[in-house]
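S.K.: Can you look at this prediction? I've put the sequence above it.
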Amino acid sequence: MSSWKKASKSNQKVHRERHQPESRKHLGLLEKKKDYKARARDAEYKEKALKLLHKRALNKNPDEFYHHMINSKLRSGEHHEKKQKEEHTKEQLQLMETQDIKYITMKRTMEAKKIRRLQSQLHFIDFANTVPNKHTFFVDGKETVLEGNELAERLETHPSLLERKTNRPRLKDLETLTIPEINVEKIQAGNKLRKQSYQELAKRIEREKELSIVQQKLQIQRALEMPRLLKPKTIKPGTKTSPPVIKFKYERKR
């Protein structure tokens, strides 16, 4: 038993390599065996790589075509990659690097609910007046273009109201119509509030579209990270306004 205690490593003295002497401290750290082994492996790897590249250069066919010929350009004896279209905007890249797909999905759902709520409050009445009218009138079975007083007479309204697509009263309704007192300040405040609501709706629609693009790009990234036997094919590369179109080959499930 005593001989086993003497042979156990717990009782043995820990061997430590000597440090750099004070007189040689200006030369830097003293190289240990592990440092030498790492340096030797690195030198051996570089030597093998140089031999392989030299062998490839000797066996290279000068008439051989490869796609890097058209994707790069030689400037001052150096190869430079051709600039490609940026796939992500600055905001998209920041979202993809800092947030995950669950957060993007949650924010997009919130924006979609707010858009639906705003659309239910706004009726786009002003927008209807900007749409060109394509109404066709037929007189005696023939297509006729009516203008001015003839069109107003056909629609039974005043000529000054022809531009309206909504809220266009008839002449008989105008005779019985009682106009209340107009509060200019109240109308201006209402118009200002309505304009702000339309601006907010436009911004939220744009934000929801941006989040949708980021969500689809993250989903494609996650799908590409999964191990597959067959490499997918890129049909259309991604842009700032659309995600990439990837075609995955069918893999039979056993």
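M.R.: Sure thing, it's come through. Numbering: from 1, shown residues only.
S.K.: dump the residue contacts of the spatially most central residue of the chain.
M.R.: Centroid-nearest residue in the chain: Val214, 4.0 Å away (criterion: Cα atoms, centre = their mean). Val214 makes contact with Gln92, Leu95, Met96, Ile104, according to Cβ atoms under 8 Å, 6 or more residues apart in numbering. C-betas here are computed from N, CA, C, even on glycine.
S.K.: In what element of secondary structure is the first one found?
M.R.: Taking DSSP states H and E as the definition, one finds Gln92 inside helix 90-98.
S.K.: Show me how far that helix is from its chain's centre.
M.R.: 8 Å (Cα atoms, centre = their mean, to the nearest Å).
S.K.: For it, what does the pLDDT average out to?
M.R.: Helix 90-98 carries an average pLDDT of 84.
S.K.: Quick check: the residue nearest to the centre of the chain vs Leu50, distance?
M.R.: 44 Å (Cβ to Cβ, to the nearest Å).
S.K.: go on, His67?
M.R.: Distance of His67 to Leu50, computed by Cβ to Cβ: 25 Å.
S.K.: Tell me where this protein has helices.
M.R.: With DSSP state H as the criterion, the chain has helices at 2-7, 33-59, 68-71, 90-98, 101-121, 125-128, 148-155, 171-175, 184-225.
S.K.: Spit out the contact partners of Leu29.
M.R.: Contact partners of Leu29, counting by Cβ under 8 Å, 6+ apart, are Gln20.
S.K.: so how far does stretch 58-75 reach from one end to the other?
M.R.: Start-to-end span of stretch 58-75 (Cα to Cα, to the nearest Å) is 24 Å.
S.K.: quick one: buried residues of it?
M.R.: By neighbour count on 16 or more other Cβ atoms under 10 Å, the buried set for stretch 58-75 is empty.
S.K.: Residues contacting that stretch, please?
M.R.: Residues outside stretch 58-75 that contact it (Cβ under 8 Å, 6+ apart) are His79, His80, Glu81, Lys82.
S.K.: just stretch 221-239 next, same as before
M.R.: 85, 87-88, 96, 101, 217, 220, 242, 244-249, 251.
S.K.: can you list the weak-confidence ranges in the stretch 151-254 of the chain?
M.R.: Applying pLDDT under 70 to the stretch 151-254 of the chain flags residues 151, 153-156, 160-167, 169, 171-175, 177-184, 186-187, 254.
S.K.: Tell me the pLDDT of Ser2.
M.R.: So Ser2 comes in at 64 (pLDDT).
S.K.: cool, and the one 5 residues further on?
M.R.: With respect to pLDDT, Ala7 has a value of 68.
S.K.: Kindly report the same for Lys114.
M.R.: pLDDT, Lys114: 90.
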